[in-house]
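S.K.: Mind folding the following:
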Amino acid sequence: MRAATVADWRPALAPAIVLRHDRARDADLLLLPERVVVLKGGAGTIVGLCDGTRSVRDIVDELAERFPGSSVTTDVPAFLERLRMEGWLR
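M.R.: Residues are numbered from 1 along each chain as shown. Predicted structure coming up:
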């Protein structure tokens, strides 16, 4: 049996963390227990796909289809891993 890879991971927001869109700022936000993180660029779109059912590979494939020519293959897994290291994704 092969070891699970980052591509197989099915990320989801950690408990008590919520993704919201702030219309006043026109920005996606991560609401943490005692902190708000403003997501820039396509970060909110990426986090929005982290529902625990899609693998990182699925997320990358979907974003590559939506945004042809972008560097999602390398950027998205690294971004998601940073969020996991912060404890925001499980």
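S.K.: Going by C-alpha atoms from here, please, whenever you check contacts or count neighbours.
M.R.: Noted.
S.K.: List the buried residues in the helix of greatest length in the chain.
M.R.: Identified as the longest helix of the chain according to DSSP state H is helix 72-86. Buried positions in helix 72-86, judged by neighbour count with 16 or more other Cα atoms under 10 Å: 72, 76-77, 80-81, 83-84.
S.K.: now, which of those residues sits nearest residue 35?
M.R.: residue 83 (14.6 Å; Cα to Cα).
S.K.: list the helices and strands the longest helix of the chain packs on?
M.R.: If you count contacts as 3 or more Cα pairs under 8 Å, 6 or more residues apart in numbering; DSSP states H and E, helix 72-86 packs onto helix 56-66.
S.K.: For the helix it packs on, give me every contacting residue.
M.R.: The contact list for helix 56-66 (Cα atoms under 8 Å, 6 or more residues apart in numbering) reads 6-11, 46, 49-50, 70, 72-73, 76-77.
S.K.: List only those of those residues flagged as buried.
M.R.: 9-11, 46, 49-50, 72, 76-77.
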